[in-house]
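*Asks:* sequence unavailable; structure follows:
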């Protein structure tokens with residue numbers, strides 16, 4: 001299939017305005033903020049979730065004023081959302097946000113000392129002030145050895161601690177459901193333990209019940225994926241709550257597990273009925289061609305309208321559709337592929353689950369599409385989606401994907417690639433070569449003698465690689481600037497990867513450092529030098545050029561990796 005890039009078609013999409021949303025105003029003050037504390041941390045970081053991306057928190061910084069006051073606004077896609085406060089790694093808390101205003105105060109002199117640090121006023125204040133009491137009660141419950149009369153004689157440690165998972169995965173479906181439900185009920189019971197001196201906030205109760213219920217749902221989907229992929233009707237029915245409040249980290253994890261489950265079920269359905277997967281109804285094809293092909297004549301539009309109305313097409317009309325399809329093949333391929341996938345979603349799942357899977361389709365496959373294709377697909381998917389929270393969630397992550405489009409274009413258009421790394425953008429160094437893999441790698445490494453190198457071996461199509469590389473910017477922020485981050489992209493043996501998509505991914509995920517793009521023969525030549533030569537494996541190289549660890553800790557194991565890198569430099 002040829003892919004014709006239609007710049008004029010996309011020009012309007014690049015200026016898309018994202019949907020307006022409600023906002024949460026967060027304001028407050030750090031009392032007794034002194035100069036030393038201000039120099040160490042001059043802002044507070046507030047983060048929230050997006051239901052489509054479990055590894056992505058959306059953050060915003062609130063600068064501190066000299067008197068310790070701060071103010072920031074966050075968008076609210078759901079009526080209630082968990083918000084996470086981080087003050088320079090010195091103080092953390094979770095609270096429930098809603099459209100409106102919340103005021104937070106805490107004492108700078110009490111950091112690391114006070115049993116209760118944060119005080120809330122405004123929206124959900126009662127629930128947020130009681131939340132730390134719930135966490136304390138749940139922790140105490142988890143340490144208790146008091147015998148419980150659950151469906152079997154047990155104790156809180158068994159249900160809330162590591163013991164729970166020792167045999168959970170070995171249980172049958174009915175037993176697993178009993179265990180997950182018992183665990184959820186026990187966690188929720190901790191709420192009752194805070195009512196001795198307080199009137200329980202109904203908002204807190206519903207918040208915690210949502211978290212405990214949805215952890216149980218997450219566990220049951222994980223159990224299904226580890227056994228026979230059979231789920232009960234009530235587990236499928238639970239998906240109707242995906243678009244309801246509150247949006248929590250636990251909701252995002254559960255939604256992700258369901259998405260993983262759905263991927264396997266959908267692939268199985270495709271294999272069982274390939275004819276349905278590879279086709280679309282004539283009416284739909286005709287409508288997609290009519291609505292997404294520029295410069296159609298009046299006669300062509302009327303012909304397409306007749307096909308759409310009748311739903312039947314003779315060979316001559318199919319030839320007509322194919323001729324028009326070829327005029328805008330790249331765009332129509334994107335839309336046809338999505339609609340084929342969507343047909344399977346609608347065959348298998350209910351309306352809310354299908355709506356979620358529609359928007360997740362793009363969220364999970366962003367790395368496969370250029371910025372222009374992302375915008376096009378997003379516009380089409382949102383036109384086919386009826387749940388505002390899902391549409392706005394997709395809007396939000398597409399906006400993040402395309403915000404660096406100017407830098408992506410600069411990197412894509414860079415023509416100065418050489419054997420030795422060249423800085424194509426500030427902080428981004430690229431290299432390519434036809435030399436043998438080992439000789440080329442050794443030459444590049446020689447240029448970094450005297451510096452510690454953290455080597456990432458990755459492939460853009462490997463999910464584990466993408467997951468781990470998301471932690472690289474955090475790792476870099478916490479290490480000295482002279483640490484070299486070297487990336488070796490491992491090619492696929494059978495299918496190539498677009499340079500445009502590779503460079504777009506590097507910029508979007510802020511993978512600053514030195515990037516080597518390997519060919520298949522170069523990769524084979526490096527098999528022993530860089531063993532293990534697998535995607536999502538990492539190595540640490542000492543300043544003398546020798547390996548400190550050929551199979552080093554991963555970026556997600558951030559603290560251990562930082563220690564290992566610093567130790568290698570001594």
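*Replies:* That came through fine. Nothing here was measured: the structure is a model prediction, and the numbers come from that model.
*Asks:* so where's the chain uncertain?
*Replies:* Within the chain, the segments meeting pLDDT under 70 span 1-21, 55-57, 144-158, 312-313, 493-495.
*Asks:* in it, which strand has the most residues?
*Replies:* Ranked by number of residues, the top strand in the chain under DSSP state E is strand 22-31.
*Asks:* go through the helix or strand just after it and flag the buried ones.
*Replies:* Downstream of strand 22-31, the first helix or strand assigned by DSSP states H and E is helix 35-40. For helix 35-40, a neighbour-count test (16 or more other Cβ atoms under 10 Å) marks 37-38 as buried. Any C-beta I mention is one placed from the backbone N, CA and C, and that applies to glycine too.
*Asks:* then stretch 263-276?
*Replies:* Those would be 265-266, 269, for stretch 263-276 by 16+ other Cβ under 10 Å.
*Asks:* residue 293 contacts residue 327, correct?
*Replies:* Yes: under the criterion of Cβ atoms under 8 Å, residue 293 makes contact with residue 327 at 5.8 Å.
*Asks:* sorry, back to before: tell me the strands beside the longest strand of the chain, with direction?
*Replies:* Applying DSSP bridges, strand 22-31 is found paired with strand 69-76 (antiparallel), strand 100-107 (parallel).
*Asks:* let me know which of these is the nearest to residue 28.
*Replies:* strand 100-107 (3.7 Å; Cβ to Cβ).
*Asks:* run through who's touching the closest one.
*Replies:* Residues from elsewhere that reach strand 100-107 (Cβ atoms under 8 Å, 6 or more residues apart in numbering): 24-32, 85, 87, 91, 95, 114, 117-125, 128.
*Asks:* hmm, which of the residues you listed are the buried ones?
*Replies:* Among those, those classed as buried by 16+ other Cβ under 10 Å are 24-30, 85, 87, 91, 95, 117-118, 120, 122-125, 128.
*Asks:* related to what we said a few turns ago, looking at the buried residues of stretch 263-276, spot the one nearest residue 504.
*Replies:* residue 266 (26.4 Å).
*Asks:* what helix or strand is the closest one located in?
*Replies:* Counting by DSSP H and E, residue 266 is found in helix 249-272.
*Asks:* I'd like the next helix or strand past that helix.
*Replies:* That would be, after helix 249-272 and using DSSP H and E, helix 274-277.
*Asks:* the strands in the stretch 301-450 of the chain, which residues?
*Replies:* With DSSP state E, counting those that start in this stretch as the definition, the stretch 301-450 of the chain shows strands at residue ranges 422-425, 428-431.
*Asks:* ramachandran angles for the closest residue to residue 24 other than its chain neighbours?
*Replies:* What sits nearest to residue 24 in space, not counting adjacent residues and going by Cβ to Cβ, 6 or more residues apart in numbering, is residue 97, at 4.3 Å. Per-residue torsions, residue 97: phi -100, psi 150 (degrees, to the nearest 10).
*Asks:* give me the neighbour count for residue 97.
*Replies:* Neighbours of residue 97 under the rule other Cβ atoms under 10 Å: 26.
*Asks:* right, and residue 303 touches residue 321 too?
*Replies:* No: counting by Cβ under 8 Å, residue 303 stays clear of residue 321, with 9.4 Å between them.
*Asks:* give me the distance from stretch 104-116 to the chain's centre.
*Replies:* Computed by Cα atoms, centre = their mean, to the nearest Å, the chain-centroid distance of stretch 104-116 equals 32 Å.
*Asks:* again, but for stretch 182-193
*Replies:* 29 Å.
*Asks:* and for stretch 330-347?
*Replies:* 22 Å.
*Asks:* got it, and stretch 70-86?
*Replies:* The answer for stretch 70-86 is 18 Å, by Cα atoms, centre = their mean.
*Asks:* first-to-last residue distance for it?
*Replies:* Chord length of stretch 70-86, first to last residue, is 13 Å (Cα to Cα, to the nearest Å).
*Asks:* stretch 404-423 too?
*Replies:* Start and end residues of stretch 404-423 are separated by 17 Å (Cα to Cα).
*Asks:* got it, and stretch 52-68?
*Replies:* Stretch 52-68 has an end-to-end distance of 35 Å (criterion: Cα to Cα).
*Asks:* and stretch 167-175, by the same measure?
*Replies:* 11 Å.
*Asks:* return the set of buried residues in it.
*Replies:* Those would be 168, 173, for stretch 167-175 by 16+ other Cβ under 10 Å.
*Asks:* give the burial count for residue 425, as a bare number.
*Replies:* Residues near residue 425, counting by other Cβ under 10 Å: 17.
*Asks:* actually residue 366, not the one I wrote
*Replies:* There are 23 residues near residue 366, going by other Cβ under 10 Å.
*Asks:* state the distance from the nearest residue to it once chain neighbours are set aside to residue 336.
*Replies:* The shortest distance from residue 366 to any non-neighbouring residue, by Cβ to Cβ, 6+ apart, is to residue 401 (5.6 Å). Distance, residue 401 to residue 336, by Cβ to Cβ, to the nearest Å: 22 Å.
*Asks:* out of these two, which sits in the busier spot?
*Replies:* residue 401 (22 against 19).
*Asks:* could you look up the SS state of the residue nearest the centre of the chain?
*Replies:* Nearest to the geometric centre of the chain sits residue 53, at 2.7 Å (Cα atoms, centre = their mean). Here residue 53 is recorded as coil under DSSP: H, G, I helix; E, B strand; the rest coil.
*Asks:* residue contacts, it?
*Replies:* Counting by Cβ under 8 Å, 6+ apart, the residues that residue 53 touches are 252, 363, 397.
*Asks:* and the residue nearest to residue 366, what does it touch?
*Replies:* By Cβ under 8 Å, 6+ apart, the residues touching residue 401 are 366, 371, 374, 508.
*Asks:* following the helix or strand harbouring residue 516, which helix or strand comes up?
*Replies:* Following DSSP H and E, one finds residue 516 within strand 513-517. Later in the chain than strand 513-517, the nearest helix or strand by DSSP H and E is helix 520-525.
*Asks:* what's the nearest residue to residue 33 if we skip its chain neighbours?
*Replies:* Leaving aside its sequence neighbours, residue 33 sits nearest to residue 68 (Cβ to Cβ, 6+ apart; 3.6 Å).
*Asks:* what's the burial count for that neighbour?
*Replies:* Look at residue 68: counted by other Cβ under 10 Å, it has 19 neighbours.
*Asks:* again with the one 4 residues further on
*Replies:* Neighbouring residues of residue 72 were enumerated by other Cβ under 10 Å; the total is 17.
*Asks:* that one bridge partners, please.
*Replies:* Beta-bridge pairing of residue 72 under DSSP bridges involves residue 26.
*Asks:* for the contacts of residue 53, which one is nearest residue 532?
*Replies:* For these, the nearest to residue 532 is residue 363 (30.3 Å; Cβ to Cβ).
*Asks:* burial check on that closest one, number of neighbours?
*Replies:* Using other Cβ under 10 Å: residue 363 sits among 20 other residues.
*Asks:* now do the contacts for it.
*Replies:* Residues in contact with residue 363 (Cβ under 8 Å, 6+ apart) are 52-53, 394, 397.
*Asks:* with residue 205 instead?
*Replies:* Residues near residue 205 by Cβ under 8 Å, 6+ apart: residue 191.
*Asks:* need the three-state assignment for it.
*Replies:* With three-state DSSP as the basis, residue 205 sits in helix.
*Asks:* isn't the residue nearest to residue 33 right up against residue 87?
*Replies:* No: taking Cβ under 8 Å as the definition, residue 68 is not a contact partner of residue 87, at 11.0 Å.
*Asks:* quick check: which element contains the closest residue to residue 231 other than its chain neighbours?
*Replies:* The shortest distance from residue 231 to any non-neighbouring residue, by Cβ to Cβ, 6+ apart, is to residue 224 (5.0 Å). Residue 224 is part of helix 202-226, with elements assigned from DSSP H and E.
*Asks:* quick check: buried residues in that helix?
*Replies:* For helix 202-226, using 16+ other Cβ under 10 Å, the buried residues are 203-205, 207-208, 210-225.
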